[in-house]
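Colleague: show me how the following folds:
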Amino acid sequence: MKVYELTEKIEADLIARICHEDDDALQELCYYYRPMINAVEKNYFLRHYDHQDWEQDAMIVCYKSAIVYSHKRGKFGSYFKKRLNNHARTLVRYDLAYRRRAFKESISLEALIENNTECIEQPTGCCLEVPISETYTEFLNSLSALEISALLTILGEADQEKIVKRLKIDRMALLRARSRVLQKLRKVLFN
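Modeller: Model prediction:
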């Protein structure tokens, strides 16, 4: 690789060569923008990304930037830097996505065994009782009239507003009754 100062003319020549599928030109252009690429890499942390991944992504972004670049967009360096920063932000967004949080916070079983960690516990299960007719009848008999109305709203069989008007009660009284019903139901099913 030739070592010389990057001028606009040389940069334009490298971009033109990249558009004609010249891999050496791409490597040269990335070489001259190495300090900028390293600065972007230092600004963003990705859990499973190493220096080689950043280099590869930078070359891909540089290639795509060179293909679509025109002088109307300003200087190539600032255009490439903006695209590389945007790419890094996209990677960080992807990494921090809520649905991937469990993967991000996970620890492999092999690592736990290797570190001789004693925090592996056997799962503690609760005895879930399937409500048979006797249990169900017992549960319903333990409910007051207000709580039965609250149960109907929980099941979607009755409208809250109609219950409040029919029983002439406060809305909060119905909400408290719903809470009591759910507590009693948990007690019957999980104890």
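Colleague: hey, where'd the helices end up in the chain?
Modeller: Here the chain has its helices, by DSSP state H, at 8-19, 23-32, 34-43, 51-68, 76-96, 101-104, 109-114, 133-141, 145-154, 160-167, 171-190.
Colleague: so how far is Ile107 from the residue nearest the centre of the chain?
Modeller: Residue closest to the average C-alpha location in the chain (C-alpha atoms, centre = their mean): Ala97, at 1.4 Å. Per C-beta to C-beta, to the nearest Å, Ala97 is found 19 Å from Ile107. C-beta coordinates here come from the backbone N, C-alpha and C atoms, glycine included.
Colleague: and if you look at Glu147?
Modeller: Distance from Glu147 to Ile107, by C-beta to C-beta: 45 Å.
Colleague: between those two, tell me which one has more neighbours.
Modeller: Per other C-beta atoms under 10 Å, whichever of Glu147 and Ile107 has more neighbours is Glu147, with 19 against 10.
Colleague: got a list of what that one touches?
Modeller: Taking C-beta atoms under 8 Å, 6 or more residues apart in numbering, we find Glu147 in contact with 177, 180-181, 184.
Colleague: my guess is Lys184 contacts Asn141. True?
Modeller: No: counting by C-beta atoms under 8 Å, Lys184 does not reach Asn141; the two are 11.0 Å apart.
Colleague: more neighbours: which of these two?
Modeller: The neighbour comparison of Lys184 against Asn141 (other C-beta under 10 Å) goes to Lys184, with 15 against 7.
Colleague: residue contacts, the more buried one?
Modeller: With contacts defined as C-beta under 8 Å, 6+ apart, Lys184 is in contact with 139, 142-143, 147.
Colleague: kindly recompute the last result at 10 Å.
Modeller: Lys184 makes contact with 139, 142-143, 147, 151 under the criterion C-beta atoms under 10 Å, 6 or more residues apart in numbering.
Colleague: could you flag which of those are buried?
Modeller: Among the contacts of Lys184, those buried by neighbour count (16 or more other C-beta atoms under 10 Å) are 139, 143, 147, 151.
Colleague: run a quick neighbour tally on the nearest residue to the last one once chain neighbours are set aside.
Modeller: Ranked by C-beta to C-beta, 6 or more residues apart in numbering and with sequence neighbours excluded, the top spatial neighbour of Leu151 is Val181, at 5.0 Å. A count of nearby residues for Val181, using other C-beta under 10 Å, gives 23.
Colleague: kind regards, and thank you for your time.
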